[in-house]
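Visitor: My questions are about this predicted structure, shown below with the sequence.
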Amino acid sequence: MDSDYRNQLFEQAKEWIFSAGKRIRESMQEPLQIETKSDENDLVTIVDKQTENFFASAIRSQYPDHGLLGEEGYGDALDNLDGTVWIIDPIDGTMNFVHQKRNFSISVGIYHDGVGEIGFIYDVMEEVLYSAKRGEGAYKNGERLPKLQEEVPLKRAILGMNHYWLCKNRVRNEHVMQDLAKTVRGLRTYGSAALEFAYVAEGLLDGYMAMSLAPWDIAAGIIIVHETGGKTTDINGRKLDLLQKSPILTCNPSLQKNLLSWLDKGRE
Ligand code: 2AM
Ligand code: CA
């Protein structure tokens, strides 16, 4: 992708994200209409839908040849990532949005022929914007994030994961995962995968693992983490397919081998 064009896309996407964030904050003055999707804990609100619709209309009018993958159904049914494709989660962390009114984000990844070019993760309530362009580093509110250069021993690592790993589950043996939890310094569960990726990029978390994430949960995060030197794969160490859900591990580069070997040990 031509660099002037990429810069123009970056500025345009940033403007839309700030505008969407402002609308979301304003909408929180009104009572929320909450619906459920795949199960009773899978929440969606009118605000998720309005926000995705806002992006979809803006992209279609400004960039009619671009594709869009989105969580709430305003996107295109794509079976490949040819051309320029926006991968958007209008609200990542909807449960936090509904219950806590904080700790949720807008996640926007822009890919060209399958390569991540631009990533944005916007913490809407804190008004913190994480951003990256491929090959140009990652930024937090315009300030460059340092590379993840320091080696982190597992026993000093803070790991993002949720309780499902520690209970009997279909992905990995819970006893092995409990041993991992006891080995690291601490665990955190924030409830917005995109923000958890941003925290890995920032070094607030040394790793984050999730059992099943959709393309829009991770598209921006992969790019931002990559730009600080972090590594993202599925939990078997394989490259991610951004057209389907995957179990993922994103982490400080010094921990990747070790965490993947724990995940390997945890195979039933
Ligand atoms: P969401 O809020 O956009 O639904 C919660 O731990 C994280 O997992 C959030 O990023 C949440 O995104 C995501 N998540 C929740 N349910 C999911 C599902 N059924 N498939 C994929 N990701 C999901
Ligand atoms: Ca969402």
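Guide: Now that the structure is in, tell me what you want to look at. Numbering: from 1, shown residues only. Ligands and ions are numbered 1, 2, ... in the order given.
Visitor: Pull up the distance across stretch 77-96, start to finish.
Guide: With C-alpha to C-alpha, to the nearest Å as the measure, stretch 77-96 spans 28 Å from end to end.
Visitor: Return the set of buried residues in that stretch.
Guide: For stretch 77-96, a neighbour-count test (16 or more other C-beta atoms under 10 Å) marks 78, 81, 84-94, 96 as buried. Using the backbone N, CA and C atoms, a C-beta is placed for each residue, glycine as well.
Visitor: Which of those fall in strands?
Guide: The members of the buried residues of stretch 77-96 that map onto strands under DSSP state E are Thr84, Val85, Trp86, Ile87, Ile88, Asp89, Pro90, Ile91, Asp92.
Visitor: What separation do you get for the third one and ligand 1?
Guide: Distance from Trp86 to ligand 1, counting by C-beta to the nearest ligand atom, to the nearest Å: 16 Å.
Visitor: so that residue touches His66, yeah?
Guide: Yes - look at Trp86 against His66 with C-beta atoms under 8 Å: they come within range, at 6.1 Å.
Visitor: Spatially, which two of the ones in strands among the buried residues of stretch 77-96 are the most separated?
Guide: The largest separation in those, counting by C-beta to C-beta, is between Thr84 and Ile91 at 23.2 Å.
Visitor: Which pLDDT value does the model give the residue of the chain found nearest ligand 1?
Guide: Residue nearest to ligand 1 within the chain: Ala193 (3.3 Å; C-beta to the nearest ligand atom). Note on Ala193: pLDDT of 98.
Visitor: Can you report how many residues neighbour it?
Guide: By other C-beta atoms under 10 Å, the residues close to Ala193 number 25.
Visitor: going forward can the numbers begin at 52, since that is how I track them
Guide: Let's use 52 as the start, then, which means that last one is Ala244.
Visitor: And the helices in this protein?
Guide: Secondary structure of the chain (DSSP state H): helices at 54-78, 97-113, 145-150, 225-234, 244-253, 266-278, 307-316.
Visitor: check contacts around Leu119.
Guide: Phe106, Ala107, Ile110, Arg111, Tyr125, Gly126, Asp127, Val136, Trp137, Ile138, Ile139 (C-beta atoms under 8 Å, 6 or more residues apart in numbering).
Visitor: again, only this time at 6 Å
Guide: Residues near Leu119 by C-beta atoms under 6 Å, 6 or more residues apart in numbering: Ala107, Ile110, Gly126, Asp127, Trp137.
Visitor: So which residues on the stretch 102-251 of the chain come close to ligand 2?
Guide: When proximity is defined as C-beta under 5 Å from the ion, the stretch 102-251 of the chain approaches ligand 2 at Glu122, Asp140, Ile142.
Visitor: near ligand 1, from these?
Guide: Glu122, Asp140 (C-beta under 6 Å from any ligand atom).
Visitor: Make CSV from the residues of the stretch 102-251 of the chain next to ligand 2 and add pLDDT to it.
Guide: Below are those laid out as CSV (pLDDT from 0 to 100):
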residue, pLDDT
Glu122, 95
Asp140, 98
Ile142, 98
